[in-house]
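[1] structure of the sequence below:
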Amino acid sequence: MSTSAIAGLVILGVIALLLLYVVALYNRLVSLRNRFKNAFAQIDVQLTRRYDLIPNLVESAKAYIKHERETLESVIRARNQASSAMQAAAQNPANAQAIQGLMGAESGLTGALGRLFAVMESYPDLKANQTVSQLMEELTSTENKVSFARQSFNDSVMTYNTAREVFPAVLIAGMFGFTAAQLFEIQSQDQREAPRVKF
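    Next up is the predicted model:
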């Protein structure tokens with residue numbers, strides 16, 4: 001075999017190895033992206049449960065706090081906005097704007113719920129209502145599950161973002177449109193803790 005033929009085979013071998021390496025990097029990025037999308041699906045499940053509990057809580061509280069209609073309406077409005085934002089984020093958890101919109105809507109909902117809980121403290125009959133107490137307990141439990149799901153999502157996003165930013169994966173990520181994912185961060189100090197139920 002001539003020297004030029006051997007050199008050609010070596011070059012083809014190097015090119016084949018480079019292609020295999022690019023394919024492996026691409027597949028790893030796809031795998032990591034799918035992992036954080038799955039982690040968001042867990043947030044989706046818990047937030048949907050939370051959004052389903054809120055109207056029941058408001059309905060149960062209505063009979064007792066008739067004079068607080070504005071507070072009740074603001075909770076439902078904030079819940080509907082958060083639900084819409086969650087649906088937008090669930091369609092594409094890789095969309096940083098959708099995740100930021102969800103974070104803002106969740107912050108608004110947490111504020112509205114905080115005001116509702118403060119109003120509920122003033123009504124002893126409401127505190128004694130078994131249905132309301134059960135709904136509050138379920139809501140608190142769901143908030144804890146949301147926190148765990150958010151932590152899992154953020155861990156997956158961090159792993160994905162790190163993998164796509166290191167060299168040479170950053171070159172592959174840029175070529176194939178792997179954009180940075182947004183962490184689901186808590187925007188206000190009030191959201192850092194599950195709602196406190198003092199019934």
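
[2] let me know the average pLDDT across stretch 19-29.
    The pLDDT scores in stretch 19-29 average 95.

[3] what of stretch 133-144?
    Mean pLDDT, stretch 133-144: 90.

[4] list the contacts of stretch 26-45.
    If you take Cβ atoms under 8 Å, 6 or more residues apart in numbering as the criterion, stretch 26-45 is touched by 86, 89-90, 93-94, 146, 149-150, 152-153, 155-157, 159-160, 163-164, 169, 172-173, 176, 178, 181, 184. For glycine as for every other residue, the C-beta is placed from the backbone atoms N, C-alpha and C.

[5] lowest-pLDDT helix or strand in the chain?
    Between all helices and strands in the chain, the lowest mean by mean pLDDT, DSSP states H and E belongs to helix 124-128, at a mean of 78.

[6] circling back: looking at the contacts of stretch 26-45, which are in helices?
    Under the assignment DSSP state H, the contacts of stretch 26-45 contribute 86, 89-90, 146, 149-150, 152-153, 155-157, 159-160, 163-164, 169, 172-173, 176 to helices.

[7] list the helices and strands the least confident helix or strand of the chain packs on?
    Taking 3 or more Cβ pairs under 8 Å, 6 or more residues apart in numbering; DSSP states H and E as contact, there are no helices or strands that helix 124-128 lies on.
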